[in-house]
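J.: Here is a sequence together with a model predicted from it:
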Amino acid sequence: MFPSYEEIITWMPDLLGGLSVSVQVTALSLLFGIPFGLLLALGVLTRNKALRYVSLFLVEVGRGAPALVLLQFIYFGLPSVGLTVESFVAAVIALAWNTGAYTSEIIRASLQSIAHGQREAAEALGLSRTDELRYVLLPQGLRVALPALLGFSILIFQGTSLCFMITLPELVSRAYEIGSNTFRYFPALLCAGALYACISIPAALLVNHVEKRASFYTQR
């Protein structure tokens, strides 16, 4: 039997608390992951072989291993070598690594999409490689990458649902807890899905708007 409206209202504080944890993990994962992705992209493009191979290793592991495996490796695996982290920290580290690995490819492709004439103009002006990167490549490359980065941010937010496997009290974990207490898993998980949609759908519309604006300015 589907729960009454009043009963669903009593679930909301727990579900909203779990949603708050999911949003915090998402924000921190992006805060650390996107700059990490930029560093990995630059590392892959560098002429230094050692740095390039290390960057490629981190990218391939971060992209090749499922996020759930990274979560369990950090939370359950690191204690075996004497490194114990809380579930929240483990979630941020794993998802930031996953974010960095994927966004590095987005950023690298965006940097490489810049017309070669821009580089030649920078060299003609006598800019150093650092100034060329700072004033010419990054501003244009990040603008190209922005829609894809925003789209990936939605995937990371949805990916926080995996964190219930490491006992993080995020949204899905709270929904399962409500289900175990009331034996109404379906409506509890349905409410959790509705809360995910309340954030993901407007965010997707925003990404679509940003992508259209970026396409408009590119064509001008």
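T.: Done, it's in.

J.: And the helices in the protein?
T.: Listed in chain order, the helices of the chain (DSSP state H) span residues 5-45, 49-64, 67-72, 87-112, 116-124, 129-132, 138-159, 171-182, 185-219.

J.: will you turn these into TSV that also has mean pLDDT, mean neighbour count and distance to residue 165?
T.: Yep, even glycine has a C-beta here, placed from its N, CA and C like the rest. Putting the helices of the chain into TSV (pLDDT from 0 to 100; neighbours: other CB atoms under 10 Å; distance: least, CB to CB, whole Å) gives the following:
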stretch	mean pLDDT	mean neighbour count	distance to residue 165
helix 5-45	94	18	13
helix 49-64	94	15	18
helix 67-72	94	19	6
helix 87-112	94	23	10
helix 116-124	75	12	45
helix 129-132	76	12	42
helix 138-159	90	18	12
helix 171-182	93	20	9
helix 185-219	86	14	15
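
J.: excluding its backbone neighbours, what's nearest residue 106?
T.: In space, not counting the residues next to it along the chain, residue 106 is nearest to residue 148; the distance is 4.7 Å by CB to CB, 6 or more residues apart in numbering.

J.: I'd like the distance between the residue of the chain most remote from its centre and residue 53.
T.: Here the centre of the chain is the reference, and by CA atoms, centre = their mean the most remote residue is residue 124, at 37.8 Å. The spacing between residue 124 and residue 53, counted by CB to CB, to the nearest Å, is 33 Å.

J.: repeat for residue 77
T.: From residue 77 across to residue 53, the span is 23 Å (CB to CB).

J.: same question, residue 10
T.: Looking at residue 10 against residue 53, where the rule is CB to CB, the gap reads 55 Å.

J.: what does stretch 121-137 contact?
T.: Counting contacts by CB atoms under 8 Å, 6 or more residues apart in numbering, the residues outside stretch 121-137 that touch it are 42, 111, 114, 118, 119.

J.: Burial check on the residue nearest to the fourth one when sequence neighbours are not counted, number of neighbours?
T.: Translated: residue 118. Spatial nearest neighbour of residue 118, chain neighbours left out: residue 136 (5.6 Å); criterion: CB to CB, 6+ apart. Under the neighbour criterion other CB atoms under 10 Å, residue 136 is assigned a count of 17.

J.: residues contacting residue 153?
T.: Contact analysis of residue 153 by CB under 8 Å, 6+ apart lists 26, 30, 203.

J.: mind listing what the second one touches?
T.: Going by CB under 8 Å, 6+ apart, residue 30 touches 96, 99, 153, 156.

J.: and which of the residues you listed is nearest to residue 209?
T.: Checking these against residue 209 with CB to CB, the nearest one is residue 153 at 14.5 Å.

J.: For the closest one, give its distance to residue 160.
T.: From residue 153 over to residue 160 the distance is 11 Å, taken as CB to CB.
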